[in-house]
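*Asks:* Please work out how this folds:
(chains A and B)
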Protein chains: 2
Amino acid sequence: MVRKGYKEEIDLVKILWDNNFAAIRAPASGGATKKPLPDVIAGNGNRYLAIEVKTTSKDKIYIDSEKVKGLHKFSRIFGAEPYIGVKFKYKKWFFLPLDDLEITPQKNYKIDLKLALRKGLDIYEVIGKEKQVKFK
Amino acid sequence: MVRKGYKEEIDLVKILWDNNFAAIRAPASGGATKKPLPDVIAGNGNRYLAIEVKTTSKDKIYIDSEKVKGLHKFSRIFGAEPYIGVKFKYKKWFFLPLDDLEITPQKNYKIDLKLALRKGLDIYEVIGKEKQVKFK
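*Replies:* Numbers count the residues shown, from 1 in each chain, chains lettered A, B, ... in the order given. A predicted model of the protein is given here:
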């Protein structure tokens, strides 16, 4: 039942609460719905975030295009800004808007540490910045 | 792990999706946070709902004041309208804004079928109506 990245999701939820966002993890098993659900949803009355969490001990991670489509769709219906939250081991969190993901030849998505360092927002940029990063 | 009202929560989440709300059940175990979480969260880009689900085969249900306080607090931080969603057996769903709950002598809350029929909104009223019912 415990999914990969569980501990990191818990840490992220805590960080969000500590910064005046109410945050919730999606249930481990879809359960109530076959709809694509993000790993974490958060809101502060003004901004709403839908976050897919990826963790790795390597220096890159891949994300299925279906996952990204699902996150985009959920966010559009719910009314949230979609992010991929990446936790490379021993690094801080990086958050990437979907526009900034790298596309692989197989039409999936990739984030390597270089991309994360260049394009990733840290948690305070995600929380603090204006509602301007939208998935087109 | 399966909490009371699980089937009803699943039904409610489905109804919300069918009406263009993205909806999600809270995880069965708090897990990520000790914070009070509603049973169901939903949004449609304009309205955000936080719902505590209560089901009963009797003709009244009681709700701990702590639960109601928690729902109020979560909703205030997240930016959602708080409702108690009540499912009496063989009846349709009723949704009560927190203001409309009956207070017991022990300072907890009660909803009986009579109150639900008088004050409860049906799902379409919750979904369709303007953002005017706010917990004060």
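*Asks:* For A:Ile51, see how far away the nearest residue to A:Asp122 once chain neighbours are set aside is.
*Replies:* Leaving aside its sequence neighbours, A:Asp122 sits nearest to A:Lys92 (CB to CB, 6 or more residues apart in numbering or on different chains; 6.1 Å). Yep, even glycine has a C-beta here, placed from its N, CA and C like the rest. Distance of A:Lys92 to A:Ile51, given as CB to CB, to the nearest Å: 15 Å.
*Asks:* Same check on A:Phe94?
*Replies:* A:Phe94 is 12 Å from A:Ile51, by CB to CB.
*Asks:* For chain A, identify the residue most remote from the centre.
*Replies:* A:Pro105 (22.3 Å; CA atoms, centre = their mean).
*Asks:* the more surrounded of A:Lys92 and A:Ile51?
*Replies:* A:Ile51 (28 against 10; other CB atoms under 10 Å in any protein chain shown).
*Asks:* wait, that one sits on A:Glu81?
*Replies:* No: between A:Ile51 and A:Glu81 there is no contact under CB atoms under 8 Å: 9.2 Å.
*Asks:* where along chain A do the strands fall?
*Replies:* A:22-25, A:40-43, A:48-56, A:60-63, A:81-88, A:93-97, A:102-103, A:109-112 (DSSP state E).
*Asks:* and the angle for the fifth one with strand A:48-56?
*Replies:* Spelled out, it's strand A:81-88. 20 degrees (axes from the mean of the first three to the mean of the last three CA atoms, to 10 degrees).
*Asks:* Tell me the strands beside strand A:81-88, with direction?
*Replies:* strand A:48-56 (parallel), strand A:93-97 (antiparallel) (DSSP bridges).
*Asks:* Now do the same contact list for A:Gly43.
*Replies:* A:21-22, A:49, A:80, B:48, B:77-80 (CB atoms under 8 Å, 6 or more residues apart in numbering or on different chains).
*Asks:* Can you add mean pLDDT and give the strands paired with strand A:81-88 back as a markdown table?
*Replies:* Formatted as a markdown table, the strands paired with strand A:81-88 follow (pLDDT from 0 to 100):
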| stretch | mean pLDDT |
| --- | --- |
| strand A:48-56 | 96 |
| strand A:93-97 | 97 |
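*Asks:* Need the pLDDT of A:Tyr6.
*Replies:* If you check A:Tyr6, the pLDDT there is 84.
*Asks:* neighbours of it, just the number please.
*Replies:* As a measure of burial, A:Tyr6 has 17 neighbours, counting by other CB under 10 Å.
*Asks:* Would you mind measuring from it to B:Lys87?
*Replies:* 31 Å.
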